[in-house]
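please find the sequence and the predicted model below.
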Amino acid sequence: MNCCSGSANTESHNDATISHTFVGREETIRRYGTLFALLLAIGIGAWLFYNRLYLPRHRYHVVTPHEGNLSREVFGVGRLEATQTYTLTAPEGGTLLQLNVRLGDRVRKGQLLGQTDPVDLPSKIEAAKLEVQKSDLLANAARQALDAQVAREALAHKEYLRTLDLRRHNASSQEQLDKTLADYNVSVAQTRAARLNLQTAQKSTAIARAELAGLMIHLKRTRLLSPADGVVIAQKATVGQSVLPNQAILQIVDPNDLRIVATIDERLSGDLKVGQKARITLRSKPEKILNGIVTRIDPQADPITLEKQVEITLAPLPARWSLHEEAQVWIRTGTLRHTILVPATALVYRRKEVGVWTIHEGKAHFHPVRLLGIQGDQAALSGIDDHTPVILPTPHTAPLAEGVRVVRRR
């Protein structure tokens, strides 16, 4: 009896264990099923939110390209520079005694702009002038002495010839002939000495004049004279200041030498030519359009910035200008006729490609194109026809990506 009872208890225990195992599995299945249903509901909700709420708030303008003409222009940024700047210095140095001009003043070539202290140069120049006068007097005296000696030499030569003729006819003694010959030889020597004295006096006069000229050059170097017609753009020293030799004091530029030096991306510089017309705006007056002409194109591009320098002459120069002022230039390089035009805002740059976003089966598609030129808010393209709709991204819309669904704005 006890043995049978133990067997029955064992069977009952096993049945309870199996029943408990099935219940645990059912609870696990229900739990995972609930989690799966919850995730599915979240996914469906997110899909509905993105497609029914998010995307409709980010609608895009869609335009159709059209055929037309476009004036090709190359844009660049530059500055107003001077072809040549004249720097006035004091070669002798010294104390700056006066300045006769201020910044912005117009000056003429040769105009006295200022002067440094000549120290004792005036007294040295006065002494040199007196020395020149003294040398001139000595030279004149030597010239008169030479003239007198030449006359005496001629007289001695004549007397010698007369005595020689008398001696041939035995009308004079040999002693008289020898005396006249000796007198003539002495006269010749004296004439030679007088001529040397005149040359010495002339050399002394030349030396005195050279010394005076040197002192006058030194005095001239204390005077600051304008080297050209122009405008004073910088003042590097003030009155009373001690300046070193060759230290800059004033800077002058000729307004006729002013140029706009602009930098142009070398990818856009292929059509640039000397003589092309340009539109220019200065930073001080961005609303005023100035005219200019390309006068020089740098043959070498900067290896770092990959830009070329282009010089543009303003015609005419504005009445008020500032050196190194920033300028924007648009150089007209030609006209594109019968080309495809789209708004410039439609252009998209991806890596090294230029393209536009188009609509393919209701989704965004990046379409590579070739950019021919940009003028204002219009861009000329090739590689696309005038029937392909183009999307215009805006800052207030979601970023476009390949395959994004697009809703047209009506």
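Looks like it arrived, so ask away.

please name the nearest non-neighbouring residue to residue 80.
Sequence neighbours aside, residue 325 is the residue nearest to residue 80 in space, at 4.7 Å (criterion: C-beta to C-beta, 6 or more residues apart in numbering). For glycine as for every other residue, the C-beta is placed from the backbone atoms N, C-alpha and C.

roughly how far apart are residue 393 and residue 404?
Relative to residue 404, residue 393 is positioned 11 Å away (C-beta to C-beta, to the nearest Å).

compare those two (neighbour count), which wins?
residue 393 (19 against 16; other C-beta atoms under 10 Å).

can you pull the contacts of the more buried one?
60, 345, 346, 348, 357, 399, 400 (C-beta atoms under 8 Å, 6 or more residues apart in numbering).

mind putting those residues into a markdown table with secondary structure, pLDDT and neighbour count?
Shown next, in a markdown table, are these (DSSP: H, G, I helix; E, B strand; the rest coil; pLDDT from 0 to 100; neighbours: other C-beta atoms under 10 Å):
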| residue | secondary structure | pLDDT | neighbour count |
| --- | --- | --- | --- |
| 60 | strand | 73 | 19 |
| 345 | helix | 87 | 13 |
| 346 | helix | 88 | 21 |
| 348 | strand | 88 | 17 |
| 357 | strand | 89 | 24 |
| 399 | coil | 72 | 7 |
| 400 | coil | 77 | 17 |
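
of these, closest to residue 66?
Distance ranking of those against residue 66, using C-beta to C-beta, places residue 346 first at 12.4 Å.

surely the closest one and residue 392 touch.
Yes. Applying C-beta atoms under 8 Å, one finds residue 346 in contact with residue 392, separated by 5.4 Å.

where do the contact lists of those two overlap?
Here residue 346 and residue 392 have residue 63 as joint contacts, going by C-beta under 8 Å, 6+ apart.

okay, buried residues for the helix or strand residue 329 falls within please.
Element membership for residue 329 (DSSP states H and E) is strand 326-343. For strand 326-343, the neighbour count (16 or more other C-beta atoms under 10 Å) marks 327, 328, 329, 330, 331, 332, 333, 336, 339, 340, 341, 342 as buried.

OK, contacts around the fourth one?
Read it as residue 330. Per C-beta under 8 Å, 6+ apart, neighbours of residue 330: 73, 74, 75, 278, 279, 280.

distance of it relative to residue 88?
According to C-beta to C-beta, residue 330 stands 37 Å off from residue 88.

okay, now the unreliable bits of the stretch 201-350 of the chain?
Across the stretch 201-350 of the chain, nothing is flagged by pLDDT under 70.

before we move on, the earlier item: closest one of the contacts of residue 393 to residue 376?
Checking those against residue 376 with C-beta to C-beta, the nearest one is residue 345 at 11.4 Å.

which non-adjacent residue is nearest the closest one?
Sequence neighbours aside, residue 392 is the residue nearest to residue 345 in space, at 5.8 Å (criterion: C-beta to C-beta, 6+ apart).

burial measure for that neighbour, as a count.
16.

partner residues bridging it?
residue 61 (DSSP bridges).

next one: residue 366
Counting by DSSP bridges, residue 366 is bridged to residue 357.

and for it, the neighbour number?
For residue 366, the count of nearby residues is 15 (other C-beta under 10 Å).

then residue 158?
Residues lying near residue 158 (other C-beta under 10 Å) number 12.

go on, residue 209?
Each residue near residue 209 was counted by other C-beta under 10 Å, and the total is 16.

now residue 169
Using other C-beta under 10 Å, the number of residues around residue 169 comes to 7.

how about it, what does it touch?
Contacts of residue 169 by C-beta under 8 Å, 6+ apart: none found.

from what I see, residue 65 and residue 382 are in contact.
No. Between residue 65 and residue 382 there is no contact under C-beta under 8 Å: 10.8 Å.

joint contacts of the two?
Common neighbours of residue 65 and residue 382, using C-beta under 8 Å, 6+ apart, are residue 340.

neighbour count: the two, which is higher?
When neighbours are counted by other C-beta under 10 Å, residue 65 and residue 382 differ, and residue 65 comes out ahead with 23 against 11.

quickly find the element holding residue 72.
Going by DSSP H and E, residue 72 is part of strand 66-82.

now the element after that strand, going C-ward?
Per DSSP H and E, the first helix or strand lying C-terminal to strand 66-82 is strand 85-89.

quick one on the thing from earlier: what's the closest of the contacts of residue 393 to residue 292?
Taking C-beta to C-beta as the measure, residue 345 is the one of those closest to residue 292, at 28.3 Å.

so the strand holding residue 329 versus strand 66-82, what angle?
170 degrees (axes from the mean of the first three to the mean of the last three C-alpha atoms, to 10 degrees).

strand 326-343 pairs with which strands, and in what direction?
Strand 326-343 pairs in its sheet with strand 66-82 (antiparallel), strand 277-282 (antiparallel), strand 378-382 (antiparallel), by DSSP bridges.
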